[in-house]
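**Q** A predicted structure for the sequence below; I have some questions about it.
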Amino acid sequence: MKALFLACALLIGHAHAQEPYPSKPLRLILPFPPGGGTDILGRLLADRLAANLGQPVVTENRGGAGGNVGAEAAARSAPDGYTIVQVAPSLAISPTLYSKLNYDPVKDFAPIGLVASVPNVMITHPSVPAQNLREFIALAKSKPGGMNFGSGGSGTSNHLAGELLNLAAGIKLVHVPYKGVNLAMNGVLAGEVHLAFIGIPVPAPHIKAGRLRALAVLARERSPILPEVPTAEEAGLGNFDVTTWYGILAPAGTPRPIITRLNAEFVKIMRAPEMKERLATMATDPLASTPEEFGAYIQSEIAKWGDVVRKAGLRAD
């Protein structure tokens, strides 16, 4: 009887092993609040992935602690290919910023691939007596500690962008945290802060209307949305690429064939002409990478932002 039971168990296990993937709905964790551009991108990806896989892909917003709540939930999920997570630069900032992190951004995840990026722009109010980045830096140097920059909160990528500017330009802008980067932009519009760093789509109408002045696009190339705005390098600040990137991870231990399948699907999604057109309206660039390329990129971002966090003496807890 025991031998028969074991044989049946083996047959059942073999049947499950042969079960085609995916055979049930997937979950895409979004470690951000609903409603923003990141959330919109995640829902677009979920819709396209569901169509490609023939299974529903349910989005789940798990915001909080700079993206750490959602990332931890994903890291602790079963590595069966049915839970994936969309991540952003906060994943690379957290390891150095937080002394106690309940997950490891490298060891606890299996990279699937990069999917998109949004170039940021450095904005100031037209009343600030600086027509370009060089003049702004010169003005800040003449007033050490007398000028400031706003961010979407301590430890966010736009906060770290300001600290990176302080280090790269040898200036001392005072950090003013807001509860969201859009509120930081409103602070610039109201003249409460002198500078902010934000993804191009939101401030573009204000820049074109003359309500904000764009000092530089923080990417390697100019943006087609703001073609007249120079890159940071063109404006005199080399090696200052602060791009908001997005990628997809699975829990560590997810079978390699599933990682390969999901990577292929996301590459197909991001290369589709209709997706490129849709993202163009959001000033978002589609990306495609291998899992290995994304893994290496994460480690380079951890090193980059870790250096900024240490030199600026930042700590979130």
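**A** In hand now; what should we look at? Since we're looking at a predicted model, the values are computed, not measured. Residues are numbered from 1 along each chain as shown.
**Q** Spatially, what comes nearest to Pro230 if we skip its sequence neighbours?
**A** Nearest residue to Pro230, sequence neighbours excluded (Cβ to Cβ, 6 or more residues apart in numbering): Ala216, at 5.9 Å. Where C-beta positions appear, they are placed from N, C-alpha and C, glycine not excepted.
**Q** May I ask you to confirm that the one you found belongs to a strand?
**A** Yes: counting by DSSP: H, G, I helix; E, B strand; the rest coil, Ala216 is part of a strand.
**Q** ok, which stretches of the stretch 201-317 of the chain are strands?
**A** Shown for the stretch 201-317 of the chain, the strands assigned by DSSP state E, counting those that start in this stretch span residues 213-217, 243-251, 285-286.
**Q** Show me the domain layout of this structure.
**A** Using the TED database, the domain ranges for the chain come out as 26-118+243-312, 119-235.
**Q** Could you save those domains as CSV and add columns showing mean pLDDT, distance to Pro20 and mean neighbour count?
**A** Shown next, in CSV, are those (pLDDT from 0 to 100; distance: least, Cβ to Cβ, whole Å; neighbours: other Cβ atoms under 10 Å):
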stretch, mean pLDDT, distance to Pro20, mean neighbour count
domain 26-118+243-312, 96, 10, 19
domain 119-235, 96, 39, 19
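**Q** can the ones you listed go into JSON lines with extra columns for distance to Glu19?
**A** Putting those into JSON lines (distance: least, Cβ to Cβ, whole Å) gives the following:
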{"stretch": "domain 26-118+243-312", "distance to Glu19": "11"}
{"stretch": "domain 119-235", "distance to Glu19": "40"}
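**Q** secondary structure element for Lys100?
**A** Under DSSP states H and E, no helix or strand contains Lys100.
**Q** What's the separation between it and Gly67?
**A** Using Cβ to Cβ, to the nearest Å, Lys100 is found at 16 Å from Gly67.
**Q** what's the answer for Gly199, then?
**A** 16 Å.
**Q** do Ala168 as well
**A** Counting by Cβ to Cβ, the gap from Ala168 to Gly67 is 25 Å.
**Q** likewise Leu44?
**A** Taking Cβ to Cβ, one finds Leu44 at 19 Å from Gly67.
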